[in-house]
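*Asks:* here is a sequence with its predicted model. Questions after.
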Amino acid sequence: MKFFLTLYVCSVLHNNCLPVSQEMHTYQQSHDTFDSCIKDGLGQSFEVFFNGKNLKTDMINKGRLYPKFTCEPYTPEEAET
């Protein structure tokens with residue numbers, strides 16, 4: 001079993017979340033362990049919000065944006081079908 005990491009940018013004002021596309025921020029999606037997925041999710045969420053390339057401080061404040069991520073289990077064989 002592997003774990004699939006998905007990053008999201010969420011808005012308190014709009015009560016919704018949108019996935020971070022690979023064009024917006026490239027990150028490793030497949031992980032061998034839950035532990036590595038969670039740790040990478042924390043680090044990559046930090047990068048999306050604080051690297052200054054994607055989200056500026058005024059955008060975060062205006063939209064009341066916050067990070068979210070999930071680590072969903074999957075079997076590689078199932079992903080191929």
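*Replies:* That came in fine, so what should we check first?

*Asks:* is the closest residue to N51 other than its chain neighbours within a helix or a strand, and which one?
*Replies:* Setting aside the residues directly before and after it, N51 is nearest to H25 in space (CB to CB, 6 or more residues apart in numbering), at 8.0 Å. C-beta here means a position set from N, CA and C on the backbone, and glycine is covered the same way. Taking DSSP states H and E as the definition, H25 sits outside all helices and strands.

*Asks:* swap in E72?
*Replies:* Element membership of E72 [criterion: DSSP H and E] is strand 65-74.

*Asks:* what are the pairing partners of that strand, and which direction each?
*Replies:* strand 2-11 (antiparallel) (DSSP bridges).

*Asks:* sorry, back to before: show me which residues of the strand holding E72 are buried.
*Replies:* Within strand 65-74, the residues that count as buried by 16 or more other CB atoms under 10 Å are 65, 67, 69, 71.

*Asks:* closest to T33 among those residues?
*Replies:* C71 (9.6 Å; CB to CB).

*Asks:* what pairs with the closest one across the strands?
*Replies:* L5.

*Asks:* thought C17 was touching G63?
*Replies:* No - contact criterion CB atoms under 8 Å: C17 and G63 do not qualify, at 11.7 Å.

*Asks:* for those two, list the residues in contact with both.
*Replies:* S11 (CB atoms under 8 Å, 6 or more residues apart in numbering).

*Asks:* give me the below-cutoff pLDDT ranges for the protein.
*Replies:* Along the chain, segments meeting pLDDT under 70 span 78-81.

*Asks:* just give the nearest non-adjacent residue to the residue nearest the centre of it, would you?
*Replies:* By CA atoms, centre = their mean, the chain has its centre lying nearest to L7, at 1.2 Å. Distance criterion CB to CB, 6+ apart; nearest residue to L7, sequence neighbours excluded, is V20 at 4.0 Å.

*Asks:* identify the residues contacting L42.
*Replies:* F69.

*Asks:* helix or strand next in line after the helix or strand that contains it, which one?
*Replies:* In this assignment (DSSP H and E), L42 forms part of helix 34-50. The helix or strand immediately downstream of helix 34-50 is helix 57-63, counting by DSSP H and E.
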